[in-house]
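Student: Have a look at this prediction, sequence included:
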There are 2 protein chains.
Amino acid sequence: MPTTIEPLYNALVGKAGAASVKDLKSDDTSERLANLVVASRSYLLGLKRTDLESKVPGKSYFMFSDKDRGKTSRSVNATQFMDDLDRATIDRVMQCDVVGMTSEEITKVVYTCAIAYCCAADILKSNDQKTPGTYFEFLIGHLVARTLGVNPEKQITVPTLDEKVTLPTDYVFNLGSEKNRVHLPIKTSTRERVVQVWAHQRVLDGMHGVARFKGVLVAMAETNKQKDKSVVEVCLPNQWMAYQMYIAQMFRVYYLDLPEKYVALKDRYPFIQVKPFGDFFGEVDKIERSGVDA
Amino acid sequence: MPTTIEPLYNALVGKAGAASVKDLKSDDTSERLANLVVASRSYLLGLKRTDLESKVPGKSYFMFSDKDRGKTSRSVNATQFMDDLDRATIDRVMQCDVVGMTSEEITKVVYTCAIAYCCAADILKSNDQKTPGTYFEFLIGHLVARTLGVNPEKQITVPTLDEKVTLPTDYVFNLGSEKNRVHLPIKTSTRERVVQVWAHQRVLDGMHGVARFKGVLVAMAETNKQKDKSVVEVCLPNQWMAYQMYIAQMFRVYYLDLPEKYVALKDRYPFIQVKPFGDFFGEVDKIERSGVDA
């Protein structure tokens, strides 16, 4: 029943008087996320699917639609979306119990969990850009916080000579003085707004020294469902190269639906490492380790 | 008649097969801008005005509304908007013939010209964010190009050792090797997107040397008409300070409806110079002159 989705969303992020998560990395948050995923999937599985014309080489996409509401969802990568995803597997991944799973499997499970709520909100709400972004930030923030064993903060103190100034930030993680800190921007898609990610990394580098914070961007996809219902990927690799050369250095970029044009960035200067999100769990030590090596 | 506004807009920016401006700084562009301003004002002057509750100290705002369409405009600064603005004065300012006018007068005329089309579009179009921004970029781009005597470009070549790469940019002006170049981002409002301005300045500094391009941001206002019809100014002075300290140095920021919170930034480190747009015409020599002095 779709009427269960909104209360479960509110139980996560804390609207409408609901008690939101107090401890992002906790078992309780794993549970709340899994509940919302299960309810969203259960709603979506009753909807019609329509294949979309994919203009992305090697990838196929569909959308969900609800005839009664006259609404359709964003595009869904048909390979990444798992139809037969059971609660036990959702729980395992939400608890970051991923031993024995491949990067590809993890990426698919997280993609399916991420897109499920987003598609449900596309159909159940009108013009809702905000809750899918907030949900996605909670989902990825939880998985990273649980893996690092530390909850993030969302503000930072600016070291000025004069007065005390704090700035809002994306999630930042303090892993202690013997490790890097982590700067974790999370976006459902980046487009031309992506320059913010490098700019905020630059501010952190300027305030606290280059690479005191390792920058890790996590994004869902760069797909765009056009008016004619075809699907394109909007990628700006030249801009990314200029930002990595002249603004700051992002240590990793992870995607759930990885654009090939960005994967190719690892093979030429400035060698931006863009990978499927499942890889994160296998290279946490590199993110935590001090130094600027890749 | 509102039906004249869209063709005049298209004659400026070039939609619907209309011949758009070929030479941004030309007399022809002055004329096309003035025609659109006059048509927009003529439409607005037949509409009802409603005073809005201003939460901005010392400023009062109103909106236009069209009962038949059930639509209202963005907020208009009552002091900056000139009711009795004749065609001759519009023409003078569009031609940058501002000798004998005070900065305050110029700012009011440009504000009135800028907001006239924006308000008309708010009411005549549905959910149109794009054409007011495009119009405002043409208007300010024209005035600056005409004053500098040079048309701008909107892309730049990245100096890489390997392949040739070009990037899209905001307007950039090449004043010749004996003067600065100018980087001119233009925004109807900035909000949290403002970090893009400093980030793009940083890319230019990185590619071509610090202050080879002087950064000049021009913005209309930071007002926001809230659901209860009150007007607030959304200002983030602490963020601006951090960006000016750690990302790049903008040489000037000009506003048509100047927020007091940003004016105060000139009095403390890093001393960001935020001024009314009319001041631009009196300090063009500082923007053209080489060196990083203010």
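Tutor: The structure has been received and is ready for your questions. Numbers count the residues shown, from 1 in each chain, chains lettered A, B, ... in the order given.
Student: Quick one: mean pLDDT for the longest strand along chain A?
Tutor: Looking across chain A with DSSP state E, the single longest strand is strand A:165-174. Per-residue pLDDT values across strand A:165-174 average out to 92.
Student: and what of stretch A:267-284?
Tutor: 96.
Student: close to chain B, is it?
Tutor: Yes: Stretch A:267-284 reaches chain B (C-beta under 8 Å from any C-beta of the partner chain) through A:268-269. The way it works is simple: take the backbone N, C-alpha and C, and place the C-beta from them, glycine included.
Student: and the residue of the stretch 1-150 of chain A nearest chain B?
Tutor: Here the residue of the stretch 1-150 of chain A nearest chain B is A:Asn127; by C-beta to the nearest C-beta that distance is 9.3 Å.
Student: rewinding a little: does any bit of the longest strand of chain A sit next to chain B?
Tutor: Yes: counting by C-beta under 8 Å from any C-beta, chain B has neighbours in strand A:165-174: A:165-167.
Student: can you redo those as JSON lines with neighbour count?
Tutor: Converted to JSON lines, the residues of strand A:165-174 next to chain B look like this (neighbours: other C-beta atoms under 10 Å in any protein chain shown):
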{"residue": "A:Val165", "neighbour count": "15"}
{"residue": "A:Thr166", "neighbour count": "10"}
{"residue": "A:Leu167", "neighbour count": "19"}
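Student: can you put the residues you listed in JSON lines and add distance to B:Leu45?
Tutor: Conversion of the residues of strand A:165-174 next to chain B to JSON lines gives the following (distance: C-beta to C-beta, whole Å):
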{"residue": "A:Val165", "distance to B:Leu45": "45"}
{"residue": "A:Thr166", "distance to B:Leu45": "47"}
{"residue": "A:Leu167", "distance to B:Leu45": "44"}
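Student: which stretches of chain A form helices?
Tutor: A:5-13, A:27-44, A:87-94, A:103-124, A:130-148, A:195-208, A:237-246, A:260-263, A:284-288 (DSSP state H).
Student: Any buried residues in the shortest one, and which?
Tutor: Taking 16 or more other C-beta atoms under 10 Å in any protein chain shown as the basis for neighbour counts, the residues of helix A:260-263 that come out buried are A:261-263.
Student: Could you do stretch A:53-72 as well?
Tutor: Applying 16+ other C-beta under 10 Å to stretch A:53-72 flags A:54, A:56, A:59, A:61-66, A:72 as buried.
Student: And the contacts of it?
Tutor: By C-beta atoms under 8 Å, 6 or more residues apart in numbering or on different chains, the surrounding residues in contact with stretch A:53-72 are A:44, A:47-52, A:73-79, A:119, A:122-124, A:223, A:225, A:228-233, A:257, A:259-260.
Student: Just the buried residues out of those, in PyMOL syntax.
Tutor: Here is the PyMOL command that selects only those of these that count as buried (16+ other C-beta under 10 Å):
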select buried, chain A and resi 44+47+52+73+74+75+76+77+119+122+123+124+223+225+231+233+257+259
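Student: from the contacts of stretch A:53-72, which ones fall inside strands?
Tutor: Of those, the ones assigned to strands by DSSP E are A:48-52, A:76-77, A:223, A:225, A:230-233.
Student: what's the most distant pair in the residues you listed?
Tutor: A:Lys48 and A:Glu233 (24.6 Å; C-beta to C-beta).
Student: How about the residues of the stretch 151-294 of chain A by chain B?
Tutor: Counting by C-beta under 8 Å from any C-beta, the stretch 151-294 of chain A sits next to chain B at A:158, A:160-162, A:165-167, A:193, A:195-196, A:198-200, A:202-203, A:205-207, A:238-239, A:241-243, A:245-247, A:268-269.
Student: Now restrict the residues you listed to buried residues only.
Tutor: Among these, those buried by neighbour count (16+ other C-beta under 10 Å) are A:158, A:160, A:167, A:195-196, A:198-200, A:202-203, A:205-207, A:238-239, A:241-243, A:245-247.
Student: quick one, what contacts the residue lying closest to A:Asp205 once chain neighbours are set aside?
Tutor: Spatial nearest neighbour of A:Asp205, chain neighbours left out: A:Ala248 (5.4 Å); criterion: C-beta to C-beta, 6 or more residues apart in numbering or on different chains. A:Ala248 makes contact with A:198-199, A:201-202, A:205, A:215 under the criterion C-beta under 8 Å, 6+ apart.
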